[in-house]
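Asks: I need the structure of the sequence given here:
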Amino acid sequence: MKHTITDSPLGDLTLVGDGEVITGLYFPSHWTRPDRTTFGERDDTAFPEAVRQLKEYFAGQRTDFELPLRAEGGEFDRAVWAEIAKIPYGSPTTYGDLAKAVGGLPHEVGAAVGRNPLCILVACHRVVGKGGKLTGYAGGLKRKQFLLELERPPAEERGQLW
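Replies: Model (predicted):
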């Protein structure tokens, strides 16, 4: 295992993996961040393709990621994360809708979303509460709001002229 740290508009992001497959992307003060000793040695040259794609995403030039990912978790967690991966860029869904898709309760889905080890790459920020309410995010609600705004189409594309 090794890790690298890259800067972003949301603060430093820590990418973790085995050199080929990314197994974690964490914010500073991440709710469910594992013990740093599991990250392996720091290698500032690791994951150059992931770093490039993240920079493109934050610049508004990328809407999805093409990276080898592996998230460790239980069967239910993995099912939730697989559904999250299907949520299109700029199209948030609710915990309730996600629960219907995986056959669980919204609070169970919320817990699984919170355990997602691949924030941004598996876009759990696209899961919102009923009526679009911002609820829970392992990186904090300000980061979640930033990511949702980043993915929001310009007003003219939404049919708004003012």
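
Asks: in the host helix or strand of residue 109, what counts as buried?
Replies: Secondary structure assigned from DSSP states H and E places residue 109 in helix 106-114. Under the neighbour-count criterion of 16 or more other Cβ atoms under 10 Å, helix 106-114 has 106, 108-110, 112-113 buried. For every residue, glycine as well, the C-beta is placed using N, CA and C.

Asks: now do the helices in this protein.
Replies: 48-58, 75-85, 95-102, 106-114, 141-151 (DSSP state H).

Asks: between helix 141-151 and the first one, find me the angle.
Replies: For helix 48-58 against helix 141-151, the angle between stretch directions is 80 degrees (axes from the mean of the first three to the mean of the last three Cα atoms, to 10 degrees).

Asks: buried stuff in helix 48-58?
Replies: 50-51, 53-54, 57-58.

Asks: got the CA coordinates for that helix in PDB?
Replies: Below are the C-alpha coordinates for helix 48-58, written out as PDB (Å, rounded to 0.1, in the frame of the first residue of the first chain):
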ATOM      1  CA  PRO A  48      -0.700  10.400 -11.400                       C
ATOM      2  CA  GLU A  49      -3.700   9.500 -13.600                       C
ATOM      3  CA  ALA A  50      -6.100   9.900 -10.600                       C
ATOM      4  CA  VAL A  51      -4.500  13.200  -9.700                       C
ATOM      5  CA  ARG A  52      -4.900  14.400 -13.300                       C
ATOM      6  CA  GLN A  53      -8.500  13.300 -13.500                       C
ATOM      7  CA  LEU A  54      -9.400  15.000 -10.200                       C
ATOM      8  CA  LYS A  55      -7.800  18.300 -11.400                       C
ATOM      9  CA  GLU A  56      -9.900  18.000 -14.600                       C
ATOM     10  CA  TYR A  57     -13.100  17.300 -12.500                       C
ATOM     11  CA  PHE A  58     -12.500  20.400 -10.300                       C
END
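
Asks: which outside residues touch that helix?
Replies: 4, 6, 8-9, 13, 15, 22, 62-63, 65-67, 120-121, 150 (Cβ atoms under 8 Å, 6 or more residues apart in numbering).

Asks: now the two most distant members of the residues you listed.
Replies: Spatial extent of the contacts of helix 48-58 (Cβ to Cβ) is set by the pair 4 and 63 at 23.3 Å.

Asks: the two: which has the busier surroundings?
Replies: residue 4 (19 against 11; other Cβ atoms under 10 Å).

Asks: would you agree that one is in contact with residue 47?
Replies: Yes: with contact defined as Cβ atoms under 8 Å, residue 4 counts as touching residue 47 (5.4 Å).
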